[in-house]
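Q: any chance you can model this:
(2 chains)
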Number of protein chains: 2
Amino acid sequence: MGASQLLQTLLSILNLCSRAWGASDEAYGTLFQNYGIVLFRGFDMIDIYGPLEVIQFAASYRQINVSLISETMNVVTTERLSSAMNPMNSSVWPTLPPTHTFETAPVPDVLIIPGGPGMRSPDMNRTLKYIAETAPKVKLVITICTGSGLAARAGIMNGRKATTNKTSWPSIIGYGPNTTWIGHARWVEDESRYPPVWSSSGVTSGLDLMFHFVETFYGADNATFISTIMEYERHRDPSWDPFARNDTVTR
Amino acid sequence: MGASQLLQTLLSILNLCSRAWGASDEAYGTLFQNYGIVLFRGFDMIDIYGPLEVIQFAASYRQINVSLISETMNVVTTERLSSAMNPMNSSVWPTLPPTHTFETAPVPDVLIIPGGPGMRSPDMNRTLKYIAETAPKVKLVITICTGSGLAARAGIMNGRKATTNKTSWPSIIGYGPNTTWIGHARWVEDESRYPPVWSSSGVTSGLDLMFHFVETFYGADNATFISTIMEYERHRDPSWDPFARNDTVTR
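A: The predicted structure follows:
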């Protein structure tokens, strides 16, 4: 059995176990208890707060911790990287204080990588290094929107399949020349090697991915309960994608 | 012509003008340029960040300012009000730094009142006073989710029609005994007196309300452009409501 086959086997066992454990609060609570979210200037708000709100409601039923992880402990702004990206000089940029730096953050079970205009910054070396070093240690990587492009920049998407925001498609797929980009998908689950990487399409698709995550690992009742409180009409088919289009999606 | 009729007439003129102005960037930019969002401990994230993300994208095309307004300049936490509301001792509570206090905030054109568990706090006198004093000075009040209950607590919903989160329905309608609560609605537009109050149902319904707002006042093309980037499938019918239910919605 080669290394790749071994990984596949281990992955299959993990998947089988974790999905079976979905019925048991104790087991999945242990499996996915600690979440880390990567912060950077110019993040997209819903990429973070969409999944985080689902997690926050789930946290009423099990002990869950979320770390908000950045280069420093300074507040992270949603402001665009340059004034050229804010041509009307608008002032609409809430900030988010991190809870940890890349150095102090505990290794999470689930690493969430959001997108947003800031993911294109040339000055992301420490962020990319953190993602590259941390991803192999976690149990699941989740990317939202153009976060899959950031994951690709960090080098963790080689040989994987993934999707991303369809409006940003042409530029994002360039970050992952060795990634199989799925052009018609609400979300994609790559389980070709450990850890799995689940990538969502644009912004609000992260809600559908996250509800699917909760349904898979925390149970369907929880997913229904939370989506009912949030009054969110879920898209349950990962191939549902009215935002895919011929001019941008070539594969 | 009585005072009520006069208000109705003024309101109709404003509506006609503003909807006609929807075609003109300059006009609606002036009409709805400054947004204020009320912050309080235990706010619901998507109640704020859903509409705010729509506004943020619109701000690429026109000059828009958002004030995040709270009692003090201390960061506002999403943490529940008491440990009893966090029974698993989870740590999943991002914070948001305000930009203004109730005393320093400019009077906005649009006042946005979010909901969340914290809206039930007994210790909200300054927040309620701010809402009561500011609402009459603005051009439009928008409430999201249980934010309509907070608006009712502030006394600005008397004689109006409104909706709210259907899961929280029985307790929220108690805050507004003189409000006509619409039990089957994605959002409700009350224009019975100036300023209008638009109220959304639960959490993500705020996105539908906000896209309807953008379509009405900033133009359909902008609404479509932004919802496409956000990959959000809009619900365009304000009476669409699969979350309404017999056991909670009595009217």
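Q: A:L52 is in contact with A:I64, correct?
A: No. A:I64 is beyond contact range of A:L52, at 10.6 Å (criterion: Cβ atoms under 8 Å). For the C-beta atoms, the positions are set from N, CA and C on the backbone; glycine is no exception.
Q: pull the contacting residues for the residue minimising distance to the centre of chain A.
A: Centroid check for chain A by Cα atoms, centre = their mean gives A:T143 as the closest residue, at 2.3 Å. Applying Cβ atoms under 8 Å, 6 or more residues apart in numbering or on different chains, we find A:T143 in contact with A:I112, A:I113, A:P114, A:G115, A:L150, A:A151, A:A162, A:T164, A:V197, A:W198, A:S199, A:S200.
Q: let's see 10 Å
A: By Cβ atoms under 10 Å, 6 or more residues apart in numbering or on different chains, the residues touching A:T143 are A:38, A:47, A:111-115, A:131, A:149-152, A:156-157, A:162-164, A:187-188, A:197-200, A:206, A:209.
Q: which helix or strand contains A:P108?
A: For A:P108, there is no helix or strand it lies in under DSSP states H and E.
Q: what are the boundaries of the helices in chain A?
A: Along chain A, counting by DSSP state H, helices occupy A:3-21, A:25-31, A:45-58, A:125-134, A:147-153, A:169-173, A:205-217, A:220-229.
Q: could you single out the most deeply buried of those?
A: Mean neighbours per residue, mean count of other Cβ atoms under 10 Å in any protein chain shown, is largest over the helices of chain A for helix A:147-153, with a mean of 29.
Q: circling back: which residues are in contact with both of A:I64 and A:L52?
A: Common contacts of A:I64 and A:L52, defined by Cβ under 10 Å, 6+ apart, comprise A:Y35, B:V92.
Q: show me where the stretch 51-200 of chain A has its strands.
A: Shown for the stretch 51-200 of chain A, the strands assigned by DSSP state E, counting those that start in this stretch span residues A:65-70, A:76-77, A:95-96, A:100-101, A:110-113, A:140-143, A:161-162, A:180-181, A:187-190, A:197-200.
Q: got CSV for the ones you listed, with mean pLDDT and distance to B:P177 too?
A: Output for the strands of the stretch 51-200 of chain A, formatted as CSV (pLDDT from 0 to 100; distance: least, Cβ to Cβ, whole Å):
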stretch, mean pLDDT, distance to B:P177
strand A:65-70, 98, 39
strand A:76-77, 98, 43
strand A:95-96, 98, 38
strand A:100-101, 98, 46
strand A:110-113, 98, 43
strand A:140-143, 98, 44
strand A:161-162, 98, 53
strand A:180-181, 96, 55
strand A:187-190, 98, 44
strand A:197-200, 98, 43
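Q: highest mean neighbour count out of these?
A: Greatest burial across the strands of the stretch 51-200 of chain A, using mean count of other Cβ under 10 Å, falls to strand A:197-200, with a mean of 30.
Q: ok so, going back, the contacts of A:T143: which ones sit near chain B?
A: With Cβ under 10 Å from any Cβ of the partner chain as the criterion, the contacts of A:T143 include A:D47, A:S200, A:G206 near chain B.
Q: what pLDDT does the last one get?
A: Reported pLDDT at A:G206 in the predicted model: 98.
Q: which residues touch the nearest residue to A:E215 once chain neighbours are set aside?
A: Nearest residue to A:E215, sequence neighbours excluded (Cβ to Cβ, 6 or more residues apart in numbering or on different chains): A:A223, at 3.8 Å. By Cβ under 10 Å, 6+ apart, the residues touching A:A223 are A:V54, A:A58, A:M210, A:F211, A:H212, A:F213, A:V214, A:E215, A:T216, A:F217, A:R234, A:R236.
Q: these: which two are farthest apart?
A: Pairwise distances across these (Cβ to Cβ) peak at 17.8 Å, for the pair A:A58 and A:R236.
Q: around chain B, which positions in the stretch 101-250 of chain A sit nearby?
A: Listed as neighbours of chain B in the stretch 101-250 of chain A under the rule Cβ under 10 Å from any Cβ: A:145, A:165-168, A:186, A:200-208, A:225-233, A:235, A:240-245.
Q: quick revisit: pick the one among the contacts of A:A223 closest to B:P122.
A: Looking across the contacts of A:A223 and measuring by Cβ to Cβ, the closest to B:P122 is A:A58, at 27.5 Å.
Q: so that closest one sits against A:F32, correct?
A: Yes. Using Cβ atoms under 10 Å, A:A58 makes contact with A:F32 at a distance of 9.4 Å.
Q: intersection of neighbour lists for these two?
A: Shared contacts of A:A58 and A:F32 (Cβ under 10 Å, 6+ apart): A:I64, A:F213, A:V214, A:F217, A:Y218.
Q: quick one: end-to-end distance for stretch A:229-246.
A: Stretch A:229-246 has an end-to-end distance of 36 Å (criterion: Cα to Cα, to the nearest Å).
Q: low-confidence ranges, the stretch 151-251 of chain A, go.
A: Counting by pLDDT under 70, the low-confidence segments of the stretch 151-251 of chain A come to A:247-248, A:250-251.
Q: A:S148 and chain B, how far apart?
A: As judged by Cβ to the nearest Cβ, to the nearest Å, A:S148 and chain B stand 13 Å apart.
Q: ok, that residue - contacts?
A: A:113, A:115, A:119, A:141-142, A:156-157, A:160, A:162-165, A:168, A:172-173, A:175-176, A:179, A:181, A:188, A:190, A:197-201.
Q: the same query, at a cut-off of 7 Å, please.
A: A:M157, A:A162, A:T163, A:T164, A:I172, A:S199 (Cβ atoms under 7 Å, 6 or more residues apart in numbering or on different chains).
Q: again with A:M45
A: A:T78, B:Y49, B:L52, B:E53.
Q: on that earlier part again, the residue nearest to the centre of chain A pairs with what?
A: For A:T143, the beta-bridge partners are A:I113, A:S199 (DSSP bridges).
Q: look up how far B:D237 lies from it.
A: Counting by Cβ to Cβ, to the nearest Å, the gap from A:T143 to B:D237 is 33 Å.
Q: how about A:M157?
A: 40 Å.
Q: also A:L52?
A: A:L52 sits at a distance of 29 Å from B:D237 (criterion: Cβ to Cβ).
Q: which residue is the nearest non-sequential neighbour of A:E79?
A: Nearest in space to A:E79, with sequence neighbours left out and distances taken as Cβ to Cβ, 6+ apart, is A:W93 at 3.9 Å.
Q: and for A:P108?
A: Nearest non-adjacent residue to A:P108, counting by Cβ to Cβ, 6+ apart: A:G36, 3.3 Å away.
Q: surely the one you found and A:I113 touch.
A: No. A:G36 is beyond contact range of A:I113, at 9.5 Å (criterion: Cβ atoms under 7 Å).
Q: how about CSV for the ones next to chain B among the contacts of A:T143, with distance to B:G42 added?
A: CSV is the format used below for these (distance: Cβ to Cβ, whole Å):
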residue, distance to B:G42
A:D47, 23
A:S200, 27
A:G206, 23
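Q: tell me the one of the residues you listed nearest A:M73?
A: A:D47 (21.3 Å).
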